[in-house]
Structure formats: C-alpha cells, structure tokens
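>>> Quick check, what structure comes out for this input:
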Amino acid sequence: MRAPDPSELTFARGTMLAWDPPAPRPGAPALVLLHGAACGAWVWSEGFAGRLAACGHAVFAPGFTAARNGAPAGLADYAADARAAIESLHRRVVLVGHSLGGLVAQRVLDAPEVAGLALLAPAPPEGLAWANWRLAMADPPLWRAVARMTEPGGAAGEAAVLRRALFGPAMPEALALHHVSRMGGESRVALLEAQAPQPVPPAWSLGKPAVVFGGRRDPLVPPDAVVRTAAWHAAPFALLDGMGHAMMLDMGWERLADRLAAWLEESFT
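Next up is the predicted model:
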C-alpha cells in the first residue's frame, strides 16, 4: 500500500505535518512525532511517518519555534509547543520523540491525552552533560561540529564530520550530505537547559507503556544513556547496529519503523 503524502495543519503555537492512514486500524492511537535539535518536522517526511501511517495510524509532526518574542526558546517553550499540538488533536496519542524531541516528549508524558511513549536516541532524563563531556574528550572535532549546528547553516559547514555521527557506514554520501544541508539553527538556551537533569516522570508511574531505541555506536546519545533512559521508564529497549544518531533518516529506517509499529500493535490492541 502506498504511503500517504502529508498535509499541513495549523494549531495555536505553530504548524504541523499530518499523514492520514489509507486504512485506519481500529483503536490505533494517533502518533505525534517530535523532532530533534537543528531539524524540523521535515525529518519525518522522508518515509518514516508515511510508513507508520500505512500501518493504520494517523500521524502528526509539529515543529518547535526556536525563538519567541525575539528571545531564544527554552525547553518549557518546546514543551508548550508539544502540549498545544497534542491538545489540538482531541484524541489519544502516543508520543514518538527523537533526540532533543525525545526529552520534550518525556517532559509532556503526563498530558492526559498521552497514552504512551516511544523514544529514538533520546536525550536522557539525567541531561546531556555527561554525554557531551565524553564527546568533547573523545572526539573534539565532532564535538565542535555539533556545537556549530546551533548556528544557521552550521551543519552544512561541518557536513563531513557530522556525517559519521548522524549516519551509518551504508548511507550514500550524496544522500547524507543532502540531509545535513537541511539541518542547522537551534535555540542555544534549549540546548543549554538540556544539559541538566530534567523533571521527567517515569512512564511506569503513570501507567503508560514506553519503548526506547538507540544506536549501538551513537556518539551523541551513547548506548549507556539509552539503557538508563529505558531503566527510568521501566521500558524495553533495543540497540541497533549500522545506524547513526539520525536513525529515522538512515539506511534501515524501514526496519526501525516496522519495529515501532509492532510495539504499537502489541501495546495498544
């Protein structure tokens, strides 16, 4: 079945992409996809969201507004964006968060409309300071390249360095560079706040199922951080081979989407 094309919707704090399922699965929750730093809702439109919609889910991907009233946005602003998007849908949802968006998803897990949580290479509840310090010690060029991603066009200027962290070795160079060229620009305030421990409720304490996926060799959110995030939520986890940090864009994203769809069917049937 052909994956649907997205439409664009507006809500109180911004816009989001939306995919209607060709054959809705009875009882299936809607999915709200929250993107990571230096990206936008476009990261889900390269096939990942469409494949989930083809599995019977209505899928929505809001963007975060990096500045409000002339000032850089903080994580509370991103959480407010996510809550406004969720509330506008008037239905039960499962949050799917990647990287910084995974941290935002964890912060809004207590919203009454949220039925569950799926995290992809998520920034952990403990914050990113430890992972960031290790990256600075182990790979200074990559650490500097990641820091420059907060600047408009910063990712494109560091494309060769970022490629090896964001994508696995099977990723064609031209496609990797195309994706990196679209990245860049992020609120430094939100990233600075993400270094510190976060007010994240454990999913088990709210009675909401969760699952965590990470890359086995991801230098940005390393495997031990993935495991600790899963332990915090009492959630199953999987460490995937051959994929970089930007796993929804990497080679093998279909396998990841199908594993997520299988978890959704098991947890919400």
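>>> Let me see the ranges of the helices in this protein.
48-54, 75-89, 100-107, 129-138, 140-148, 154-157, 159-166, 173-181, 188-193, 223-233, 253-267 (DSSP state H).
>>> Where does pLDDT dip in this protein?
When residues are selected by pLDDT under 70, those of the chain lie in 1-3.
>>> Can you lay out the helices of the chain as CSV showing distance to Ala28 and mean neighbour count?
No exception for glycine: its C-beta is placed from N, CA and C like everyone else's. Compiled in CSV, these are given as follows (distance: least, Cβ to Cβ, whole Å; neighbours: other Cβ atoms under 10 Å):
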stretch, distance to Ala28, mean neighbour count
helix 48-54, 10, 23
helix 75-89, 14, 20
helix 100-107, 19, 27
helix 129-138, 34, 14
helix 140-148, 36, 17
helix 154-157, 35, 19
helix 159-166, 30, 20
helix 173-181, 29, 16
helix 188-193, 31, 18
helix 223-233, 22, 19
helix 253-267, 7, 16
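>>> any chance of these in CSV, with distance to Asp241 too?
As requested, the helices of the chain are exported to CSV (distance: least, Cβ to Cβ, whole Å):
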stretch, distance to Asp241
helix 48-54, 18
helix 75-89, 30
helix 100-107, 20
helix 129-138, 20
helix 140-148, 20
helix 154-157, 25
helix 159-166, 15
helix 173-181, 18
helix 188-193, 28
helix 223-233, 11
helix 253-267, 10
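>>> residues touching the closest residue to Ala225 other than its chain neighbours, list them.
Leaving out its chain neighbours, the residue that sits closest to Ala225 by Cβ to Cβ, 6 or more residues apart in numbering is Pro124, at 4.7 Å. Contact analysis of Pro124 by Cβ atoms under 8 Å, 6 or more residues apart in numbering lists Leu103, Ala131, Val221, Ala225, Val226, Arg228, Thr229, Trp232.
>>> is it true that the second one touches Val226?
By that I understand Ala131. No: with the criterion set as Cβ atoms under 8 Å, Ala131 and Val226 do not qualify as a contacting pair; they are 10.3 Å apart.
>>> Nearest to Ala37, out of the helices of the chain?
helix 100-107 (4.2 Å; Cβ to Cβ).
>>> I'd like to know which elements the closest one is packed against.
Taking 3 or more Cβ pairs under 8 Å, 6 or more residues apart in numbering; DSSP states H and E as the contact definition, the neighbouring helices and strands of helix 100-107 are strand 30-34, helix 75-89, strand 93-98, strand 114-120.
>>> Give the partner strands of the third one in its sheet and their orientations.
To tie it back to what came earlier, the one meant is strand 93-98. The strands that strand 93-98 pairs with in its sheet are strand 30-34 (parallel), strand 114-120 (parallel) (by DSSP bridges).
>>> Can you name the residues that contact the residue nearest to Ala138 when sequence neighbours are not counted?
If you skip the residues right next to it in sequence, Ala138 has Pro219 as its closest partner in space, 7.4 Å away by Cβ to Cβ, 6+ apart. Taking Cβ under 8 Å, 6+ apart, we find Pro219 in contact with Leu135, Ala138, Asp139, Leu142, Ala165, His245.
>>> No further questions, thank you.
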